[in-house]
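> Build me a model:
(2 chains)
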Amino acid sequence: MAASGGGVAQQAELRRIEGNACFKKARLGAAIDCYTEASTPHLPSPRLSFISLITAIALCPDVAVYWMNRALCHFKRKEWAKVEEDSRRALALDDTLVKGHYLLGCALLDKEEFTLAIKEFEKALNLLKSSSSTDTMAEDIWQVLAKAKYLDWEKHSTERVWRIQSLKEACESALQEHHFLSGTLVEDSDGSSNEYSEQIKLLSEVFSKAALADTPVDVPDYLCCQITFEIFRDPVITPSGVTYERAVLLEHLDKVGNFDPVTREPLKEHQLVPNLAIKEAVQAYLKEHSWAYRLNC
Amino acid sequence: MTSSSPSSSSPSRKALSKIACSRLQKELSEWQVNPPAGFKHRVTDNLQRWVIDVAGAPGTLYTGETYQLQVDFPEHYPMEAPQVIFLHPAPMHPHIYSNGHICLDILYDSWSPAMTVSSVCISILSMLSSSPAKQRPADNDRYVRNCCNGRSPKETRWWFHDDKV
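Prediction:
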């Protein structure tokens, strides 16, 4: 067999195809071996050395997809350090790989590097938007992005609540000390509340208002789809003026019938218009209330 | 969840989809805060089958009577209607068969995913309340005989000819 450059690349590509076949059959170990052959310059594992086509390995370490596919195998096995390593190598070669950013994000999420994970997921979503890829990928990415945002909120809000609570206590004792020194601590003899007790009350109100944004409540109905009951992600408005989540409304038109679910007016897909105002309202709401990223189930 | 009773006509029980599960949890918590008047959800840990007590509305033929609705949710709820039947004994009504099946268009052809358990309950109560006489549908015996193998009412081809009751 001629060891020409083209032959070598072909061999590497063959390994990848074999790897894909193994991956589909969930033979992950075998798939990793194939991708390793396709992409690793050195062969650390003696197990691989007896695979006769090992020459293919050294050949194409600069093909990003090989690294990414191997990262995907590690991902299925939840070997996060390896996912991070391989997806980083893939992205170094090609920064536009949606799956690469997704996989790296998942590895970072596992390390609780929420901010970095969020960045990767957002990059993946933006890349996906500019391509015309499948919706299922977007859904997967959105799910992990929401999870990362929620966990990030949880981490920071715990800190925030604790700091605000100690500030409140410090303010209360400072106020008490101030009134003690000016002799206004005790209530007036007629029992009417004095300045001190009013200030303490007001202080408590101010602090509970400050804590509101970090207190999960129900998302307002006007930001939720009437089919999913979830906060909107991609809201579309119908000629009847009702707004729905796009994906679920399309499913309704496909499976249930060509009518507006609330008003029952006739409705076709081409009549749907994105509801940008609601979309912006949702974004503004989520910015202030990141706990609303929490998904059910 | 297993059902040993063949008469419960449980649909093929595929687990709820993610969307169905999330939506039902929200419906349930909304119900707990704000239940429709005259209805009581029997607390179970089964999200996929709700049993609901219905009290006959005051001033109607069913005043003072209580019935039970059984609501089973399909995998793709709310894209598919839930299966709603009365448990034995079903109220005497021109649109309710003695096996509990209910002839009501919104449960079948006219279902919309914007409807909820709560809105379905209100429709059923309104159907009960407007009844002029306590009687079975004219074709009750024939229909019930045809359903004897536990067929779901969702497999029936309904004719919604009477919208007065």
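> which other residues reach the helix ranked longest in chain B?
With secondary structure taken from DSSP state H, chain B has its longest helix at helix B:18-33. Contacting residues not belonging to helix B:18-33 are listed as A:227-230, A:248, A:295-297, B:16, B:41, B:47-48, B:73-78, B:116-118 [Cβ atoms under 8 Å, 6 or more residues apart in numbering or on different chains]. Backbone N, C-alpha and C define where each C-beta goes, glycine included.
> what's around A:Asp254, how many residues?
Using other Cβ atoms under 10 Å in any protein chain shown, A:Asp254 has 11 neighbouring residues.
> check whether the helix or strand hosting it contacts chain B.
Secondary structure from DSSP states H and E places A:Asp254 in helix A:246-255. Yes: using Cβ under 8 Å from any Cβ of the partner chain, helix A:246-255 comes into contact with chain B via A:Val248, A:Glu251, A:His252, A:Lys255.
> Quick check: the gap between the nearest residue to the last one once chain neighbours are set aside and B:Ser98.
If I follow you right, that is A:Lys255. What sits nearest to A:Lys255 in space, not counting adjacent residues and going by Cβ to Cβ, 6 or more residues apart in numbering or on different chains, is B:Met79, at 5.2 Å. Going from B:Met79 to B:Ser98 by Cβ to Cβ, to the nearest Å gives 31 Å.
> more crowded one of those two?
Between B:Met79 and B:Ser98, B:Met79 has the larger neighbour count (other Cβ under 10 Å), namely 19 against 16.
> Tell me who's in contact with that one.
B:Met79 neighbours (Cβ under 8 Å, 6+ apart): A:Glu251, A:His252, A:Lys255, A:Val256, B:Pro113.
> How about the most centrally placed residue in chain A, nearest residue that isn't a chain neighbour?
The residue lying closest to the centre of chain A (Cα atoms, centre = their mean) is A:Leu145, at 0.5 Å. What sits nearest to A:Leu145 in space, not counting adjacent residues and going by Cβ to Cβ, 6+ apart, is A:Phe121, at 3.9 Å.
> and the helix of greatest length in chain A, what does it pack onto?
Longest helix in chain A, counting residues (DSSP H): helix A:135-181. Helix A:135-181 is packed against helix A:98-110, helix A:114-130, helix A:195-211, with contacts defined by 3 or more Cβ pairs under 8 Å, 6 or more residues apart in numbering or on different chains; DSSP states H and E.
> Quickly compare these and say which is most buried.
Mean neighbour count (mean count of other Cβ atoms under 10 Å in any protein chain shown) peaks for helix A:98-110 among the helices and strands packed on helix A:135-181, with a mean of 24.
> Kindly export it (C-alpha atoms) in CSV.
Output of helix A:98-110 as CSV, limited to C-alpha atoms (Å, rounded to 0.1, in the frame of the first residue of the first chain):
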residue,chain,number,x,y,z
VAL,A,98,-21.1,23.9,17.5
LYS,A,99,-20.7,20.5,19.1
GLY,A,100,-17.1,21.4,20.2
HIS,A,101,-18.4,24.4,22.2
TYR,A,102,-21.3,22.3,23.5
LEU,A,103,-18.9,19.5,24.7
LEU,A,104,-16.4,21.9,26.2
GLY,A,105,-19.3,23.7,28.0
CYS,A,106,-20.5,20.4,29.5
ALA,A,107,-17.0,19.6,30.7
LEU,A,108,-16.8,23.1,32.3
LEU,A,109,-20.3,22.7,33.8
ASP,A,110,-19.1,19.5,35.5
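> What are the contacting residues of stretch B:66-77?
A:255, B:8, B:10-11, B:14-17, B:19-20, B:23-24, B:47-56, B:80-87, B:89-91, B:100, B:117, B:120-121, B:124.
> Compute the mean per-residue pLDDT across that stretch, please.
In this model, stretch B:66-77 has a mean pLDDT of 95.
> any idea how far A:Lys268 is from chain B?
Distance, A:Lys268 to chain B, using Cβ to the nearest Cβ, to the nearest Å: 16 Å.
> That residue and A:Leu253 touch, don't they?
Yes: A:Lys268 is in contact with A:Leu253 according to Cβ atoms under 8 Å; the separation is 7.4 Å.
> OK, contacts around A:Val248?
A:Cys225, A:Ile227, A:Thr228, B:Ile19, B:Pro113.
> Could you tell me the per-residue confidence at the first one?
At A:Cys225 the predicted local distance difference test score is 95.
> so where's chain B uncertain?
Chain B contains residues with pLDDT under 70 at B:1-12, B:160-165.
> Near chain A, which residues of it are found?
B:18-19, B:21-23, B:25-27, B:76, B:78-80, B:111-114.
> Which residue is the nearest non-sequential neighbour of A:Leu127?
A:Val98 is the one closest to A:Leu127 (Cβ to Cβ, 6+ apart), at 4.8 Å.
> what sits against the one you found?
A:Ala124, A:Leu127, A:Leu128, A:Ser131, A:Ser133, A:Met137, A:Ile141.
> Could you check how far it is from A:Asp110?
In terms of Cβ to Cβ, A:Val98 sits 19 Å off from A:Asp110.
> Would you mind naming the helix or strand containing B:Val71?
strand B:66-72.
> Direction included, what does that strand pair up with?
strand B:49-55 (antiparallel), strand B:83-86 (antiparallel) (DSSP bridges).
> Can I get those in a markdown table including mean neighbour count and distance to B:Lys154?
Below are the strands paired with strand B:66-72 laid out as a markdown table (neighbours: other Cβ atoms under 10 Å in any protein chain shown; distance: least, Cβ to Cβ, whole Å):
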| stretch | mean neighbour count | distance to B:Lys154 |
| --- | --- | --- |
| strand B:49-55 | 18 | 15 |
| strand B:83-86 | 23 | 5 |
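> quick one: the helices in chain B?
Ranges of helices in chain B, per DSSP H, are B:18-33, B:117-129, B:140-146.
> out of those, deepest packed?
Most buried among the helices of chain B, given mean count of other Cβ under 10 Å as the contact rule, is helix B:117-129, at a mean of 19.
> Need the per-residue pLDDT for A:Tyr287.
One correction, residue A:287 is Lys, not Tyr. A:Lys287 is given a pLDDT of 88.
> Now it: phi and psi?
Main-chain torsions, A:Lys287, degrees, to the nearest 10: phi -60, psi -40.
> A:Pro216 too?
Torsion angles, degrees, to the nearest 10, at A:Pro216: phi -60, psi 130.
> What are the buried residues along stretch A:67-87?
By neighbour count with 16 or more other Cβ atoms under 10 Å in any protein chain shown, stretch A:67-87 contains the buried residues A:67-75, A:79-80, A:82-87.
> for chain A, what helix or strand is lowest in average pLDDT?
When the helices and strands of chain A are scored by mean pLDDT, DSSP states H and E, helix A:46-49 comes last with a mean of 34.
> Following element in sequence after that helix, please.
helix A:64-76.
> relative orientation of that following helix and helix A:98-110 in degrees?
When axes from the mean of the first three to the mean of the last three Cα atoms, to 10 degrees is applied, the directions of helix A:64-76 and helix A:98-110 differ by 40 degrees.
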